[in-house]
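Colleague: here is a sequence with its predicted model. Questions after.
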Amino acid sequence: EAGVAQSPRYKIIEKRQSVAFWCNPISGHATLYWYQQILGQGPKLLIQFQNNGVVDDSQLPKDRFSAERLKGVDSTLKIQPAKLEDSAVYLCASRPGVGYGYTFGSGTRLTVV
Amino acid sequence: KNEVEQSPQNLTAQEGEFITINCSYSVGISALHWLQQHPGGGIVSLFMLSSGKKKHGRLIATINIQEKHSSLHITASHPRDSAVYICAAEETSGSRLTFGEGTQLTVNP
């Protein structure tokens, strides 16, 4: 089966610019996650979707970050405006539901200069 | 204190050695995940455990629910096993994963 697809693979932007990341999970996976991984740290959950509904966005900096999964399939994560501390790898993961293993995408490496 | 702690942070081994990475957690969990991350960011799920022991090839994962401790073992280690190994606790309060900071494993030929 195809894996979790993410794009772009790399992105460099200036601070205060906006950026968007895209994720296409494995077909049939109802649960989708966005994680932020800062260099040298473990991933941190930004938002979790169950189909097109938000389950957990408690750690999403909502003043600048937004995410949607309109049709319960692919998802976009947006940062506007970006700050230097947003430099990280943004990982998308999906799974069929609770009790199943995760499949991670290759991530998008964001550098804010 | 992190809710999920791994040890060691860094581990260097010679090819063929038996390797153990430990994970302790303080949260209530429904499952414990072991993940492998290679340079470049890709993460691969190795195991999902809720009790006992699982084996896949040269990899073995164990969990002791009472002691809130899990171990990942690699038998007959190989340079291609070099990667960061991450332990992640899936909390019972939701399905959020709380990650350890990872163990950087380097296996020298």
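Modeller: That came through fine.

Colleague: from here on, just use CA atoms for contacts and neighbour counts.
Modeller: Noted.

Colleague: residue contacts, residue B:86?
Modeller: A:42, B:6, B:34, B:35, B:36, B:37, B:99, B:100, B:101, B:102, B:103 (Cα atoms under 8 Å, 6 or more residues apart in numbering or on different chains).

Colleague: in three-state terms, label residue A:101 for me.
Modeller: coil (DSSP: H, G, I helix; E, B strand; the rest coil).

Colleague: can you pull the contacts of it?
Modeller: Residue A:101 neighbours (Cα under 8 Å, 6+ apart): A:95, B:45, B:47, B:48.

Colleague: can I get these in CSV including distance to residue B:87, pLDDT and secondary structure?
Modeller: Converted to CSV, these look like this (distance: Cα to Cα, whole Å; pLDDT from 0 to 100; DSSP: H, G, I helix; E, B strand; the rest coil):
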residue, distance to residue B:87, pLDDT, secondary structure
A:95, 18, 93, strand
B:45, 10, 93, strand
B:47, 10, 95, strand
B:48, 10, 94, strand
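
Colleague: enumerate the residues of chain B near chain A.
Modeller: Within chain B, the positions adjacent to chain A are B:31, B:40-45, B:47-48, B:86, B:95-102 by Cα under 8 Å from any Cα of the partner chain.

Colleague: the bottom helix or strand of chain B by mean pLDDT?
Modeller: strand B:97-99 (a mean of 89; mean pLDDT, DSSP states H and E).

Colleague: strands paired with that strand, and their directions?
Modeller: strand B:83-91 (antiparallel) (DSSP bridges).

Colleague: and the partner strand, what's its mean pLDDT?
Modeller: For strand B:83-91, mean pLDDT is 94.

Colleague: pull that strand out as PDB, backbone CA atoms only.
Modeller: Extracted C-alpha coordinates of strand B:83-91, given in PDB (Å, rounded to 0.1, in the frame of the first residue of the first chain):
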ATOM      1  CA  ALA B  83      19.400   5.200  13.800                       C
ATOM      2  CA  VAL B  84      17.500   7.000  16.500                       C
ATOM      3  CA  TYR B  85      15.100   4.800  18.400                       C
ATOM      4  CA  ILE B  86      12.200   6.500  20.000                       C
ATOM      5  CA  CYS B  87       9.900   5.200  22.700                       C
ATOM      6  CA  ALA B  88       6.400   6.700  22.700                       C
ATOM      7  CA  ALA B  89       3.600   6.200  25.300                       C
ATOM      8  CA  GLU B  90       0.000   6.200  24.000                       C
ATOM      9  CA  GLU B  91      -2.000   7.700  26.900                       C
END
